[in-house]
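Trainee: kindly return the folded structure for what I paste below:
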Amino acid sequence: GSGKSTIVRMLFRFYDPQSGAVSIDGQDLRDVTQVSVRAAIGLVPQDVVLFNDTLAYNIAYGRPDATVEEIQKAASLARLDALIAGAPLGLQTKVGERGLKLSGGERQRVGIARAILKDPPILVLDEATSSLDSVTEAEVREALEDASRGRTTLVVAHRLSTVADADEIVVLRDGLVAERGTHAALLAQGGVYSELWDMQATMHGRA
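Mentor: Here you go, the predicted structure:
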């Protein structure tokens, strides 16, 4: 409830700010079309929406003109090789209603492959690993790191280990920016981020 999802929605221009501005490379998003903004952004959400169609269709959803080779490359970068090799019809295997034939980690990797294939300059990861167990999260995080390379990546997360390597961390509290800086700088401040980090480290230690 601190405003993380609201910021993402404003980035996609689902609505515009009442004051101030959201800009990319100094360009106010209100001066460009929704279509051009959304074309420049790839999104991997917490729950990837899949259709009762083939793996290939679901990966190429954002770029239906993609070639089989391009789809295969994106799938490989998203660590889907083993799934495709083991599936009865490979990329032409149907995933079931809402992807029910896939595990949570596999669904996330299809979402990552979709984002990689779109090849956007900006990638938004909105709680992309929060619903996964720790082993699956580690596998998916590797794929996300590959997908993020060479592009601006905005990571929305409650789990602070997900953002510890970020160039800049922005801590929101009650709709306001409470702190911002690198992981090391925020820990040194001993403020909100540091408290949350210690709390999560303690919980993880007990687990």
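Trainee: name the SS class of the residue nearest the centre of the chain, please.
Mentor: With distances taken as C-alpha atoms, centre = their mean, the residue of the chain nearest its centroid is residue 125 (1.9 Å). Classification of residue 125 by DSSP: H, G, I helix; E, B strand; the rest coil places it in strand.
Trainee: mind starting the numbering at 641 from now?
Mentor: Got it, first residue is 641 now, which makes that one residue 765.
Trainee: count the residues that sit near the nearest residue to it once chain neighbours are set aside.
Mentor: The spatial neighbour of residue 765 that comes closest, neighbours along the chain excluded (C-beta to C-beta, 6 or more residues apart in numbering), is residue 795 at 4.7 Å. Just so you know, the C-beta spots here come from the backbone N, C-alpha and C atoms, and that holds for glycine as well. By other C-beta atoms under 10 Å, the residues close to residue 795 number 19.
Trainee: ditto for the one 3 residues further on
Mentor: Residue 798 is flanked by 12 other residues according to other C-beta under 10 Å.
Trainee: likewise for residue 658?
Mentor: 5.
Trainee: any idea how far it lies from residue 780?
Mentor: From residue 658 across to residue 780, the span is 36 Å (C-beta to C-beta, to the nearest Å).
Trainee: what does residue 645 give?
Mentor: 20 Å.
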